[in-house]
Structure formats: structure tokens, C-alpha cells
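In: could you work out the structure for the sequence below:
(chains A and B)
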Amino acid sequence: MKRRTFIKQTGKAALLASVAAGTGYLFHNREVTAVKPSLVIRNNFEVSPDIAFPKLTLARAEDPIVALNQSLDAIGGIRRFVNKGETVTVKPNIGWDRSPEQAANTNPILVAEMTRLCLESGAASVTVTDVSCNDPRRCFLRSGIKKAVEDVGGKVILPSDEDYIKVRMSQKFLNEWLVLKHFVQTDKLINMPIAKHHSLSECTIGMKNLYGILGGRRNQLHQEIDQSIVDLAIFSAPTLTVIDATRVLLQGGPQGGSLDYVGIENSVICATDQVAADARASEFIGLKPENVGHIVLADKSGIGSLDYRQAGYKEILG
Amino acid sequence: MNIKTVLNLRRASQVLFFVTFLWLVIKTNFEVDFSLAAGQEIILPYPVSIALELDPLAALGTLLATGSLYKGMIWSLLILIPTIFFGRFFCGWVCPMGSLNHWLSEFRSERSSHRGKGKIESNRYKKFQRIKYYILLLFLGSSLTGVLQLGLLDPLSLLARSVGTVVLPMTHVFGAGIVSWIKNIGWPPLGDAAQYVFDFIASFILPYRMGHFQAIISLALFFVAVLWLNRLFTRFWCRAICPLGALLGIFSRFSFLGLKKTESKCDHCQLCVISCQGADNPEIGEPWRKAECHLCLNCQAACPTGALEFTFFPEQEASRTNPAGTEKIDITRRKAMTSIAAGISLFPMFRAGDSFEADIDPKLVRPPGSVDEDTFLARCIRCGQCMRVCPNNALHPTIFEAGLEGIWSPVLISKIGYCEPTCTLCGQVCPTGAIVELTQKQKVGDKETPPNRIGTAFFDRGKCLPWAMATPCIVCEEWCPTSPKAIYLKTEIVTNQSGKEISVKCPYIDPQLCTGCGACEFACPVEDASAVYITSVGESRSEKNQILLKRHSIPNKPANLPKS
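Out: As a prediction, the model looks like this:
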């Protein structure tokens, strides 16, 4: 063997060996994997309290637009909640592939009117979205919300996989969960539920509607339904809760189907106290709020008041 | 018109039809930007099945198998009748699978790896080209008995299925994977840019929801094998296998467009053979085989001396050195009869097996509106359009759930996606009526009309949280879409591990109300294999596969069932 060949070949082998050894050394790790830290945020969108206004208003009128405006004006008007240049996310219930008259999703007329009001108040953008249960394309389409909102200039976003961020909530039951980023990265959050019956939590109104900001296997939350609803309400207090009680779903909830299950109430509730709002709206479904587990629990936790009359309640009958 | 112009027209036509075909497959999809007025049904805005409806093979096969030509399949005459007069123009000008093979054979194939003599040899007529006629006859023989297998090798079904359930889903997964890899590099502007590019491309070709398909590897290998065969034999698929090409070859027998060979002008350069697509002997000295010719017109364009010319009713002085063309296909009567007999014998072979009737796979949940299994197997051409269009990714190619006979036909897997109660898209796209188009009312049902049922839900009480683990849940009841709900609850007192009695709501099924949509199975929090699951029993389409006497007697079949 020639000396030159020997040196060359040994050198190459040594180089390869050192690369192998170096790679091993560099990537050696006794931990299984590095855990990605999740985002720690406080998702509170509330405006400062104002004793000049009631915490809860209810207006009754045939025309949902009139009912919404009367109710909203009584609680301080849109300008109290949305300032010029702010980004607003509206969270209706668009959970199911149902049409508006079946009362499983929020009335599209109300969502569109709310969007219009926010834009009128100078909002930089109004985003309307929800993490639907059924296929979101069908839900957004058949609820009529997509078209209604786009017609008045709002942005409708269908959630996609890359839009979720892992958030540390540090509540009793909800520790870490995936949240749709539009409900976190915004200046103001307006919760727009519809009042519906639910077999496990008795009713699904405002606080339960916040389930819809979550991704992941949220169907496991049912195992601790009351605490998880309250956890969410603490974590993500909305600027304003606007409850659609124009139609209410009295049974077969939360997705209904038969028109026999729908009650006509022609009412719209606006509230800065989400517990009081749910307490009042649960009466439409024939419930006593003090018998509804999550409302009682929310009242105890101090985020609002079950006794809505005490909290400051105004009713406008059209 | 100059022959070069005609050649360019052919190339344009191939590209146009290929792109249109892809576009139709891509548009076989529930898109986000549909608009509809309140209360209206969701209807696809384009007639996306039109490409499959133009397929004379699928038309003839389903006609033989069922005795009727379903809806849009009549359009196949638009291909068949011109073929009778002009020959296999479809293969050279229209067929997207043919074009794909054409282009691939220009790139690393038997043809391109040879020069000169080898290249000429690759395009000579070969005995194996007759195989396709035997394949065709086998399929037609089995179709006669109601066993429709031709969809497996029908080029349009093959391409639609491969693009829809293999190529596009793989593109989606791969693209999303690359984006997430780039994002993990940790420089946000780059990640955002990658996401933007991906979203832009996705908005044209990818559906809103990423599809995942059972049996994808078998479909993928099959498709790759077909494309890869070009490396061994130039255009092997078109020349030797394609049953649609064979059918059009047979139907071109009386066509009057033909190749006129003028011997006196020929200098035997063989350029015509080098460019030939069909391997149909364009050169002087061999009889031109009309049934093999794709009418690509390459030979005429390649001929430097003008000895070859496509003309109507070509009259050519036949001689020993310049034989006349032949319209006959190169098969023997005996083997043809054998092929048909073999096809017919598929029927007893499949049906004497257990999976058709004796031991139906309980997991064989067919799409809503499917006709009874016997007719279904006589209609389904495995084009995969229903799987592609399903917004919930619920429909998948079977492996052996429907036996070997029903391989790659659609099955609903609720664990992956359930059947959306008001959705009727699969019936809208089915070209052959294996899935009948239902109206929303026929699907959901009302007080007079029973709903279309695809199966029934059952609880596995050993896995169910309230039943087995003293834990509240009832997600299945929440998701149950029927009115009244087929899943009902009863409060039970159960004892937990520490001996404490607690009350939980336990779910039950009412089989009278359950439609088998699978929403409960999909939503069940027992993630790996749900505590509530669907099997096919109780499906509207079957007389036999029932549980209840009363439900059995409900006339469930939609009024517009196709004749079978």
C-alpha cells in the first residue's frame, strides 16, 4: 500500500467518525423532548364598570334590530364598548348545521347588526368566527351568518388548524388548552350566544358559548362541565354579552332540529355581567337559575351575580 | 390546414382536456365561498361528474349490469358516436390518462432510453396489445351478470380516484408538513411567507379540510404502477390494458377516417414509427391497424416525403410491399369467448363467497342514498367522487369490507367523519346512480317521510363514561341530530371507586329514531375506539339487514330510485 493512499483513506474514515461522534454528542439529550412553553395570557376584555348604567338590559320587540338597539342603548350604547381603531371579535354560536328558524345558532340578523354597529363606532375590523361542532363550512353557510356579516362589511373566518394557539389558563380545571387565536389576539370580544336547552348543563347560553373559542378534544370537558364553563368565563371575560332570545330552543338542545322545540320570545339581552345575563336568559327556557349548576358556581366564584335584579337590571318592553 | 397546425391543435386539446379533468376533480369539493339563501339546499355549482359521464365504457358496463343508462351517462354518446365515424380520437386528443401516459413516455421511458433501432422497435405493433380486448370482454362478461369490475381499470375512474384520494391528499399533507417544518426553524417572517404561499396554492387546489383515506397505499401503488409501466413498454397502459381504448377500438371498425400510405413517395426512413403513439404500424410494409391508432397524426407530421396522409375513405393500392390497412382487431374468437366466460364466472365466484350475503361486514356502512348492495355493485365504478366531495372525510375506499368484489367502493367510517344529516353531496356527484341523489327532505325525513338510514348506533357499555366509569359525559346525546333525539338519557345512581353513590345520566339508543349518521361515534370522547359505534344494520337500502319488525315495514326507498 502506498503511504499516500493510507493517509487519505484513514483521514476520510477519521473525518466520518468524528462527524458521527460529534452529531451524537451535539444532539444527546437525557430529556425525552423539549416541552414547548405555552402562552400565558389574561384574556380579560371587560370595560371599566360605570354605575350610570345597569349591568343587564333586556329589550323586547318584534324586529330583532330594534330590540338589539334598545337593549344596547340602555346599557350605554356601542361607543361605551368599542372605540375607534380597535379590533373586535364577535363570537356568535355557529355550532351546528342548522338554519336560523331552528334556533340552534345565533340569529344572523343580530350578528350582522352588531357587526354594523361596531364598524359604525369606528372599529378597525370586526371578525366573526366560531369553532363549530359540525363542519364549519356548512354551519357558517346554513346559519346565514356568513352572508349576513359579509354583506355589512365584517370579516368571517373559518377556523383552520394553524389558527390555534396553546394557552395556559391556570384555572381549576382548565389548565392548558388550544384556543382559536382570533379570540385572544383582539382588542374587544363580544359574546353573542343564543339561549338553548342542554341535557347536561341544563342550558347553553353565554358562558357555555365560550366553549366555542376552544379547539382540541373539548368534548372531554363534559366530564367537569360546570367547573370548566366557569373556568372559561373567568379566563375569557367578554367586553359585552349579547344574548339572542328572539327564538329560544326549549328542548332537543343544543342543536334542536324540529321547529316544535322553538319558542318565540323576541328579546335581546345586553350585559356586562355574564352570570346575570345567563341567569335572566335561563328563565326563558323555563329554568330557575339557582338550580343551574354552572350559574350557581359562577356566582360563587365572584365573576358575576346570579341575582340579576340585584345586579342592576332594566327591561324595555316594545 | 397545415399538418403542423393540426398537431398543435391536438396538443392544445390534450392540455385543455387534462386541465379540465383535474379542475373538475378539484371542484368536486364543498367550497367555502358558496352562497345560498336561507333554507335552500346546498347544491354543487358545477356539473363536476361530467367527465365521468362522457365515459362510454362506464355507460356500457352499467347498462349491461342494470339494464338502464343513469341520468348523465347518456352524454357518453358524445364520445362513442364520433368514434364510430372517425376512430379512436378520444385516446389521442381527449383522454387525460392517455395524455399523462403520452407525456410520461416522452420522459424516461422505454422509448426515450433507446435511440434509432431500439426506439423504432418500441413502437412496433406487439402481440401483447390484444390483451386489452380480452380484459374488456372479461369486464363486459361480468357486467352482464351484474358484477361491475371495469371501474378498476377504466382510465377516467382510475385517474379521478387516484387524483382525488391519493395525489391531492398527499399534496395537502406534504405541503402542510413543509410549512410546519419551515415554521419550526424559528424565524417568523419565513414561516409567515411559507404559510402565505401554501394558502395561496391551497386556495386553488386543496379542499378546506385535509383528507385522510383508508387503503390509500393500495390506490397509490396501483396508480404508480400504471405510470411506471411506461418505462418498460411505451404507453403500455394505452396499448395493452385500457379497456376503454379497446372498446373504442372495436367501435372504430366502420370509421372512414384512415391512413393512406403512398409507397412511391416513401424512402423507408421509419420516422413515422419513431413518433407513433398507438403502435399501429404506420410504416409502409405493414398493414395499418386502425383499432390501435390514437389519431395523434404524428406519423403524417413526421413523414418528410408526404407518403402518409390521413384522409376520408383512403383508397390505396395494396401490394405485397404495401398491404392495405385492417379494421379488424387482433383477437381470436375462441379466446374472446373464453374471456367472456371468465367474466361471467366471476359472478358465482364472488357470490358463492361469504361477504355478499352470508356474512356481511357490519362495518360496511354505505353512503346515504345508496341503492341495495346487489344494484350498488352493479353501478359503482370506483371513481372516488363521493369520497372526494364528502365534507367530513367520512367516505373511504373499502379494502375487503365489501369482499373482493367491492374493493375500493365507498364505505363510511364514522370515527373519521360522520354523515352530516342535511348533506346530499355524494348523491349529487355519483355518475352512475350507485348513490341516488336525495333531497334534503328525503334524507332527514319528516312526519310523513322516513329518513334515509345508513345504519344504527350501539353502545359499548364497558367503555362508556357514565356506564362504566361513573363519570358524566353525554356528548353523544348532544350531537345526536334527529328530532326527537335517538339517544335518550336516564339518570342512574352509580357507585364510584370510593364507594360514593353519584347520579349520572346514562345514554340509550332508540333504534326507531337512529339514522346511523355516526355523529355520536365521531364525537365520543373515548378517542381511540368510541364507546358508541355504528354498524350497517337497519340501513334503508336493505330489506334483510334489519333489527326491528316495525322499522322493516317502513317504505324507506326514495321514489326516484333508478330501475335496476
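In: let me see the contact set for A:Gly312.
Out: A:53-56 (CB atoms under 8 Å, 6 or more residues apart in numbering or on different chains). Backbone N, C-alpha and C define where each C-beta goes, glycine included.
In: quick one: the helix or strand of chain A with the lowest mean pLDDT near chain B?
Out: Lowest by mean pLDDT, DSSP states H and E among the helices and strands of chain A is strand A:39-40, with a mean of 70. No. Judged by CB under 8 Å from any CB of the partner chain, strand A:39-40 and chain B are separated, with a smallest distance of 14.4 Å.
In: quick one: strands adjacent to that strand?
Out: Paired neighbours of strand A:39-40 in the sheet (DSSP bridges): strand A:164-168 (parallel).
In: can you pull the buried residues of the strand it pairs with?
Out: A:164-165, A:167 (16 or more other CB atoms under 10 Å in any protein chain shown).
In: can you tell me which of those is nearest B:Met170?
Out: A:Tyr164 (23.8 Å; CB to CB).
In: if I look at the closest one, how far off is B:Met1?
Out: A:Tyr164 sits at a distance of 59 Å from B:Met1 (criterion: CB to CB, to the nearest Å).
In: try B:Phe85
Out: Counting by CB to CB, the gap from B:Phe85 to B:Met1 is 19 Å.
In: mind listing the strands for chain A?
Out: Assigned by DSSP state E, the strands in chain A fall at A:39-40, A:56-60, A:87-92, A:125-128, A:155-156, A:164-168, A:176-180, A:188-192, A:194-198, A:202-204, A:240-249, A:262-271, A:313-317.
In: ok, which of these comes nearest B:Ser498?
Out: Between B:Ser498 and those, the tightest spacing by CB to CB is seen for strand A:202-204, at 26.5 Å.
In: enumerate the residues of the stretch 201-318 of chain A near chain B.
Out: For the stretch 201-318 of chain A, the residues in contact with chain B (CB under 8 Å from any CB) are A:217, A:219-220, A:222-223, A:225, A:252, A:254-258, A:260-261.
In: rewinding a little: between the strands of chain A, which gets the lowest average pLDDT?
Out: Note on the strands of chain A: strand A:39-40 shows the lowest mean pLDDT, a mean of 70.
In: kindly state the beta-bridge partners for A:Tyr164.
Out: For A:Tyr164, the beta-bridge partners are A:Leu180 (DSSP bridges).
In: correct me, but it touches A:Arg218?
Out: No. Shown here, A:Tyr164 and A:Arg218 do not form a contact pair, counting by CB atoms under 8 Å, at 11.4 Å.
In: so what sits against both of the two?
Out: Common neighbours of A:Tyr164 and A:Arg218 (CB under 8 Å, 6+ apart) do not exist.
In: as CSV, the residues of the stretch 201-318 of chain A next to chain B with distance to B:Leu297 and pLDDT would be great.
Out: Shown next, in CSV, are these (distance: CB to CB, whole Å; pLDDT from 0 to 100):
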residue, distance to B:Leu297, pLDDT
A:Arg217, 60, 84
A:Asn219, 62, 88
A:Gln220, 65, 90
A:His222, 68, 91
A:Gln223, 70, 91
A:Ile225, 72, 92
A:Gly252, 66, 89
A:Pro254, 64, 92
A:Gln255, 60, 91
A:Gly256, 63, 90
A:Gly257, 61, 88
A:Ser258, 64, 89
A:Asp260, 68, 90
A:Tyr261, 67, 93
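In: which pair in those spans the largest distance?
Out: Once CB to CB is applied, those give A:Arg217 and A:Asp260 as the farthest pair, at 32.8 Å.
In: what's residue 47 in contact with, if anything?
Out: Defaulting to chain A. A:80-81, A:239, A:272.
In: you looked at the wrong chain, it should be chain B
Out: Applying CB under 8 Å, 6+ apart, the residues contacting B:Pro47 are B:Gly72.
In: what segments of the stretch 201-318 of chain A are helices?
Out: With DSSP state H, counting those that start in this stretch applied, the stretch 201-318 of chain A shows helices at A:206-209, A:225-235, A:274-282, A:293-301, A:308-312, listed in chain order.
In: residues in contact with the shortest one?
Out: I take that to be helix A:206-209. A:91, A:93, A:191-193, A:198, A:201, A:229-230, A:232-233, A:238, A:241, A:243, A:271, A:274-275, A:277-278, A:281, A:294-295, A:298.
In: could you redo the last one with a cut-off of 6 Å?
Out: Around helix A:206-209, the neighbours that count as contacts under CB atoms under 6 Å, 6 or more residues apart in numbering or on different chains are A:93, A:191, A:193, A:201, A:229, A:233, A:241, A:274, A:277-278.
In: from those, pick the one nearest chain B.
Out: A:Ser201 (9.7 Å; CB to the nearest CB).
In: roughly how far apart are that closest one and A:Asn209?
Out: Noted for A:Ser201: a distance of 11 Å to A:Asn209, by CB to CB.
In: among the two, which residue is more densely surrounded?
Out: Taking other CB atoms under 10 Å in any protein chain shown, A:Ser201 and A:Asn209 do not tie; A:Asn209 has more neighbours (30 against 25).
In: quick one: residues contacting the residue in the stretch 351-500 of chain B that chain A sits nearest to.
Out: Residue nearest to chain A within the stretch 351-500 of chain B: B:Ser483 (3.6 Å; CB to the nearest CB). Contact partners of B:Ser483, counting by CB under 6 Å, 6+ apart, are A:252, A:257-258.
In: equivalent analysis for B:Pro472, please.
Out: Counting by CB under 6 Å, 6+ apart, B:Pro472 touches B:Val504.
In: so it, which of the three states?
Out: Using DSSP: H, G, I helix; E, B strand; the rest coil, the structure places B:Pro472 in coil.
In: apart from its neighbours in sequence, what residue is nearest A:Gly286?
Out: Nearest residue to A:Gly286, sequence neighbours excluded (CB to CB, 6 or more residues apart in numbering or on different chains): A:Leu250, at 7.0 Å.
In: ok, how many other residues are close to that neighbour?
Out: 18.
In: distance of it from chain B?
Out: 12 Å (CB to the nearest CB, to the nearest Å).
In: check what pLDDT that residue gets.
Out: For A:Leu250, the predicted pLDDT is 94.
In: okay but it is in contact with A:Gly263, surely?
Out: Yes. The pair A:Leu250 / A:Gly263 is scored as a contact, 5.0 Å apart, by CB atoms under 6 Å.
In: could you report the neighbour count for residue 63?
Out: Here I'm looking at chain A. By other CB under 10 Å, the residues close to A:Asp63 number 12.
In: actually it's chain B I care about, not the one you picked
Out: B:Leu63: 16 neighbours (other CB under 10 Å).
In: where does it land in three-state SS?
Out: helix.
In: which ones are touching it?
Out: By CB under 6 Å, 6+ apart, the residues touching B:Leu63 are B:Leu69.
In: residues of the helix or strand B:Thr338 falls within that come out buried?
Out: For B:Thr338, the host element (DSSP states H and E) is helix B:333-351. Buried residues in helix B:333-351, counted by 16+ other CB under 10 Å: B:336, B:339-340, B:343-344, B:346-347, B:350-351.
In: these: which two are farthest apart?
Out: Pairwise distances across the buried residues of helix B:333-351 peak at 24.4 Å for B:Ala336 and B:Arg351 (criterion: CB to CB).
In: low-confidence ranges in the chain?
Out: Just going to use chain A. Applying pLDDT under 70 to chain A flags residues A:31-38, A:42, A:318.
In: try again with chain B
Out: In chain B, residues with pLDDT under 70: B:35-40, B:108-115, B:550-564.
In: please report the distance of the nearest residue to A:Pro289 once chain neighbours are set aside from chain B.
Out: Excluding the flanking residues, the one nearest A:Pro289 by CB to CB, 6+ apart is A:Ala279, at 3.7 Å. For A:Ala279, the distance to chain B equals 22 Å [CB to the nearest CB].
In: I am finished for the moment; much appreciated.
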